[in-house]
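[1] Curious how this folds, go ahead:
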Amino acid sequence: MAIESRRLDVALVIGYIAWPKIATGVLYREQLFVAVPGDPPLSTRPSASWEVLCKEIILVQDCPNGHNTREFYASIVGAGLPFQTHSTSKQSVFGLIGAGFEVAFAAESQSQVNFPDVVFKPIAERNA
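    Prediction:
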């Protein structure tokens, strides 16, 4: 790798993997939202909390044999949230939520897109 051989000083990467012997830092991070079905009770709350979300199954878009997204969320939330991974697009996960299945995390920029019967709520936690 160019960084390890000191041929490259800095690299900008997308991902959540901790690299051994490499110092990393976050340049930008969006507010975390939760996408919930349009039917109450979660859709009528002004915001969500980890306490409320720990009672929900959280759908996570991830690729086979790779759990980067789930590991990233677990690094924020900690252990204990029931994740269910799906090898599909984020839009398909939001489609499942609109059909009434579970909840999913979303970046603030994703919350600006309209999906039928999906409501985005901010997560009212300091680490969200």
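[2] List of residues touching stretch 2-10?
    By Cβ atoms under 8 Å, 6 or more residues apart in numbering, the list of residues contacting stretch 2-10 from outside reads 11, 21, 22. All C-beta spots, glycine's among them, are computed from the backbone N, C-alpha and C.
[3] you'd agree residue 35 is in a strand?
    Yes. Under DSSP: H, G, I helix; E, B strand; the rest coil, residue 35 sits within a strand.
[4] Any idea which residue is closest to the centre of the chain?
    residue 105 (4.2 Å; Cα atoms, centre = their mean).
[5] in what helix or strand does that one lie?
    Using DSSP states H and E, residue 105 sits within strand 103-107.
[6] After that strand, heading C-terminal, what element do we hit next?
    According to DSSP H and E, the helix or strand after strand 103-107 is strand 118-122.
[7] and that next one, what other elements does it pack with?
    strand 32-37, helix 90-98 (3 or more Cβ pairs under 8 Å, 6 or more residues apart in numbering; DSSP states H and E).
[8] Per-residue confidence, residue 14, what does it come out as?
    Note on residue 14: pLDDT of 67.
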